[in-house]
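S.K.: Model the following, please.
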Amino acid sequence: MFGEYRFSSIPCGRISKWIVLVVWILLFVPAMMLASKLTDAQSNETSSWLPNNAESTQVVELAEKFVPSDTFPAVVVYHRDGGAITAGDRAKATADAAKLAQMTGDPPGDAPARKIVQSIQGPQPSKDGKALQTLVNVKVDADGWELLGPAVKDFRDVVQSGGGGLEAHVTGPAGYGGDFSNIFSGFDATLLYITAAIVVIILLITYRSPILWLVPLICVAVSLQAAQAVVYLLAEHAGLTVNGQATFILTVMVFGVGTDYALLLIARYREELRRHSDRHEAMAFALHRAGPAIIASGSTVALSMMCLLMAMLNSTKSMGPVMAIGVVVALAAMVTLLPALLVIFGRWMFWPVRPRYGSDEPAERGFWARVGTFLTPHPRLTWIVTAVVLGAMALGLAGLKTDFLAQKDSFSAGKPDSVAGEEVLVAHFPAGTGAPIQVIANAPGASGVQSALAGVPKLTDVKPVGKPVDGLVYFEGTLNAPPDTDEGFSIVKQARDAVDRAPGADAKVGGASAITLDINDASRRDQNLVIPIVLVVIFGILAVLLRALVAPLILVATVVLSFAAALGVSALVFNHLFDFAGSDPSFPLWAFVFLVALGTDYNIFLMTRVHEEAKQHGTRRGALIGLAATGGVITSAGAVLAGTFAALGSLPLVFVTELGFAVAFGVLLDTFIVRSVLVTALNLDLGARMWWPSALARETPPRETDTAEDETAPVSR
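M.R.: Numbering: from 1, shown residues only. Predicted coordinates:
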């Protein structure tokens, strides 16, 4: 019965479906145990985010010879609104310092509590006598990032109690690190519940069935566990770098693309159930027809993500394999486990609207069939007007601010204590306190380096730290400017220029401000390199899949136009509605990879169906059939993906909120306008020329030359 569909029938055979189910169950049990360990395998140290071979990265590595690399300073600042610091205030700050010095942290697991404060300096009064500061060096080791959030909370409990009007804040690198850690703590589970709820609601609306939504959701949940297990194994045994940012975006990615592929397959399966009395045969045919599109789609997204391996920035580079693993595992589940479950359960899963054998396909006269009829008389005018409108939306890109995003501007809701503390610190002390500039140089050139640094404006208190080690010397200096501002970056650049002129020093300048500067520069370099590579990969996959050159060129152009329009509107929203200070320099690249790869998904869904129908009915008629058949599933898939990325907005961080909004808006724009209107209008206007130079471009099937009246007839097969 399935001879023609030998491979596609494997997941849905009368016996093989049970084998597929058992295999996935056997995989799921160990996957659950391994996935639960993924948090322990995360690497959130500074080196896991830095650009490879950047000057600041080299300083981080070399500085380990002089100062512990796992120690971060927390700056405790005290002040009284409108008044000077009193003797009682100084006594409290001194007592607080003694308490902080004895504080312990509780590592995860069974490890005993241990001291986490390595040293304390201060309290030190400000020159204006209105503030005090205490520098607390917090030891962060392999467990440190999980300790840091609770530790900073404990610090604040100590310093903010019993002040009698004296206000205290904990800021500096450890203060900010603690606030970020507390935001991420437990967010994986929260995001999972929010994402699952969004998917369930959209699937209920899409299928109008109280039961069917369970099957794709189960498959997605299994996919997520399996993907997390694979990522964990590679992180533990193959050197894959995984950070907290990658793990929660993995959740969104697997839910989004997994549900998309499920929607496409179920839509085609429902079609075939009306044409085949046997559900096994219907699924075999559905997989035979929809499988190549799903596999090509997943391959496109996975390969696009793998292009991130070309990035210089470690946090961007590590994101590629993690996302690719998620996509591949979700793809595998949707073409094996999902078909097996659907044929095991049978037609009753579609209740109350079960697709009966021999019944009409509702999509043939549905909303998207009517849209196709509307587009047919004037397709050229339609695509020109649509392209102009999208181009106008893209003009907002001029207002996208991606120079840098200061730490104090990184929070999208409320003002964390670290931000309040920085404001006090900047008002009364050198703004770079707690985030010194770091310089490594050859010992023979030490005097020349110190002299050169002494001449750099707004760089003070430059002095050597420790004794020379392995022929190297280490200096620290204080910036009289916030380290993550243009002024701070300018000081770093001047310091680098100055030490470069020191004879025989081979000096390198690092520190918090230099790290941010190098990350920003690497982000721009990555954007200029990775974006063209992704476009070439996508064009190549489309060319092979559609056996044409014109269609892939046009489709890539529509994806780029859609991306530009989405970012243009996003920039306006960020600046004038959300009132964000700016965007992270890596934001455009991340948004591009997600939007373009996922936008190509929908191109593949639509154009493979148009290509299939064009062989029988001609391109113009095939475009209408393809739109009618896939319009509903594409827009449903877009709604699911947009909803899952919108869930990122629940995390109160500007970068994540911006990424979630841009991708969600871009996906909706792509599915409702670009794919369904712009691409369909182009298909209707260009006709068979879309398939040049393939044989399909030279053939003129009977319907290709039919009149407009024939083309606007009801879509049927």
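S.K.: CA atoms for contacts and neighbours, from now on please.
M.R.: OK.
S.K.: Tell me how many other residues crowd residue 244.
M.R.: Look at residue 244: counted by other CA atoms under 10 Å, it has 19 neighbours.
S.K.: Retrieve the pLDDT associated with it.
M.R.: Turning to residue 244, the model gives it a pLDDT of 72.
S.K.: same question, residue 101
M.R.: With respect to pLDDT, residue 101 scores 87.
S.K.: what about the closest residue to it other than its chain neighbours, how many residues close to it?
M.R.: In space, and not counting its chain neighbours, residue 101 is closest to residue 117: 5.7 Å by CA to CA, 6 or more residues apart in numbering. Using other CA under 10 Å, residue 117 has 22 neighbouring residues.
S.K.: Next, find the distance separating residue 117 from residue 133.
M.R.: Distance, residue 117 to residue 133, by CA to CA, to the nearest Å: 16 Å.
S.K.: Please verify my assumption that the residue nearest to residue 101 contacts residue 147.
M.R.: No. Contact criterion CA atoms under 8 Å: residue 117 and residue 147 do not qualify, at 11.7 Å.
S.K.: so who does the residue found closest to residue 13 once you drop the neighbours it is linked to in the chain touch?
M.R.: Nearest non-adjacent residue to residue 13, counting by CA to CA, 6+ apart: residue 280, 6.3 Å away. Residue 280 makes contact with 9, 12-14, 343, according to CA atoms under 8 Å, 6 or more residues apart in numbering.
S.K.: secondary structure class for residue 280?
M.R.: Here residue 280 is recorded as helix under DSSP: H, G, I helix; E, B strand; the rest coil.
S.K.: any idea how far it lies from residue 462?
M.R.: If you go by CA to CA, the gap between residue 280 and residue 462 works out to 76 Å.
S.K.: Which positions in stretch 281-296 come out as buried?
M.R.: By neighbour count on 16 or more other CA atoms under 10 Å, the buried set for stretch 281-296 is 281-291, 293-296.
S.K.: and these, which two are the farthest apart?
M.R.: Comparing all pairs in those by CA to CA, the longest separation belongs to 281 and 296, at 22.8 Å.
S.K.: Strands along this protein, start to end?
M.R.: Here the chain has its strands, by DSSP state E, at 71-79, 104-105, 114-115, 117-125, 131-139, 167-171, 437-442, 459-464, 472-479, 508-511.
S.K.: Quick one: mean pLDDT over the second one.
M.R.: Strand 104-105 shows a mean pLDDT of 72.
S.K.: Give me the pLDDT for residue 596.
M.R.: With respect to pLDDT, residue 596 has a value of 85.
S.K.: Excluding residues flanking it in the chain, which one is nearest residue 553?
M.R.: Counting by CA to CA, 6+ apart, residue 553 lies nearest to residue 539, which is 6.8 Å off, once chain neighbours are set aside.
S.K.: Repeat that for residue 71.
M.R.: Spatial nearest neighbour of residue 71, chain neighbours left out: residue 139 (4.3 Å); criterion: CA to CA, 6+ apart.
S.K.: Who are the contact partners of that neighbour?
M.R.: By CA under 8 Å, 6+ apart, the contact list for residue 139 reads 70-72, 116-118.
S.K.: Just flag the most distant two among those.
M.R.: The span of the contacts of residue 139, defined through CA to CA, is set by 70 and 117 at 11.6 Å.
S.K.: center of the chain - which residue?
M.R.: residue 249 (5.2 Å; CA atoms, centre = their mean).
S.K.: ok, now how distant is that residue from residue 628?
M.R.: 33 Å.
S.K.: repeat for residue 543
M.R.: In this view, residue 543 and residue 628 are 24 Å apart by CA to CA.
S.K.: Skip the chain neighbours and tell me the closest residue to residue 579.
M.R.: Nearest non-adjacent residue to residue 579 (CA to CA, 6+ apart): residue 573, at 7.9 Å.
S.K.: residues touching the residue nearest to residue 101, list them.
M.R.: Going by CA under 8 Å, 6+ apart, residue 117 touches 100-104, 136-139.
S.K.: got a winner among those residues for most neighbours?
M.R.: Taking other CA under 10 Å as the neighbour criterion, residue 136 ranks highest of these with 28 neighbours.
S.K.: close enough to count as contact, that one and residue 121?
M.R.: Yes. Between residue 136 and residue 121 a contact is recorded at 6.6 Å, counting by CA under 8 Å.
S.K.: so where's the stretch 151-300 of the chain shaky on pLDDT?
M.R.: For the stretch 151-300 of the chain, the stretches with pLDDT under 70 are 186.
S.K.: Helices of that one, start to end?
M.R.: For the stretch 151-300 of the chain, the helices defined by DSSP state H, counting those that start in this stretch cover 172-184, 187-207, 214-237, 244-273, 279-306.
S.K.: To residue 89, which of these lies closest?
M.R.: Taking the helices of the stretch 151-300 of the chain one by one with CA to CA, helix 172-184 is closest: 21.1 Å.
S.K.: quick one: the residue nearest to residue 579 and residue 235, what's the gap?
M.R.: Per CA to CA, residue 573 is found 37 Å from residue 235.
S.K.: Repeat that for residue 23.
M.R.: 24 Å.
S.K.: More neighbours: the two, which one.
M.R.: Just comparing residue 23 and residue 235: by other CA under 10 Å the higher neighbour count belongs to residue 235, 19 against 11.
S.K.: Go ahead and confirm the more buried one touches residue 241.
M.R.: Yes. If you go by CA under 8 Å, residue 235 and residue 241 touch, sitting 6.0 Å apart.
S.K.: for this structure, which spans come out with low pLDDT?
M.R.: If you take pLDDT under 70 as the line, the chain has these spans: 1-8, 42-49, 69, 105-114, 141-146, 186, 358-365, 699-717.
S.K.: Which residues does stretch 394-414 contact?
M.R.: 176, 418-419, 422, 484-485, 520, 561, 564-572, 575, 580-587, 652-655, 657.
S.K.: Among those residues, which lie within helices?
M.R.: Of these, the ones assigned to helices by DSSP state H are 176, 418-419, 422, 520, 561, 564-572, 575, 587, 654-655, 657.
S.K.: so how many other residues sit close to residue 397?
M.R.: By other CA under 10 Å, 17 other residues sit near residue 397.
S.K.: Just give the nearest non-adjacent residue to residue 231, would you?
M.R.: Counting by CA to CA, 6+ apart, residue 231 lies nearest to residue 322, which is 6.4 Å off, once chain neighbours are set aside.
S.K.: any idea how far the one you found is from residue 35?
M.R.: The value you get for residue 322 to residue 35, if CA to CA is used, is 13 Å.
S.K.: Those two: who's more crowded?
M.R.: residue 322 (28 against 19).
S.K.: dump the residue contacts of that one.
M.R.: 231, 242, 246-247, 250.
S.K.: circling back: among the strands of the chain, which comes closest to residue 637?
M.R.: Nearest of the strands of the chain to residue 637, taken as CA to CA: strand 167-171 at 43.4 Å.
S.K.: Kindly provide the distance from the residue of the chain most remote from its centre to residue 94.
M.R.: Residue farthest from the centre of the chain, counting by CA atoms, centre = their mean, is residue 87 at 50.5 Å. Look at residue 87 and residue 94: by CA to CA, they are 11 Å apart.
S.K.: likewise residue 406?
M.R.: The gap separating residue 406 from residue 94 is 31 Å, by CA to CA.
S.K.: for residue 434, same thing?
M.R.: From residue 434 to residue 94 the distance is 19 Å (CA to CA).
S.K.: just residue 221 next, same as before
M.R.: Distance, residue 221 to residue 94, using CA to CA: 53 Å.
S.K.: now swap in residue 339 and tell me
M.R.: 68 Å.
S.K.: more crowded one of the two?
M.R.: Shown here are residue 339 and residue 94; by other CA under 10 Å, residue 339 has more neighbours (31 against 16).
S.K.: my guess is the more buried one meets residue 281, correct?
M.R.: No. Residue 339 lies out of contact with residue 281 (CA under 8 Å); the separation is 11.4 Å.
S.K.: Nearest residue to residue 477 in space, please, no chain neighbours.
M.R.: The nearest residue in space to residue 477 (CA to CA, 6+ apart) is residue 462, at 4.1 Å.
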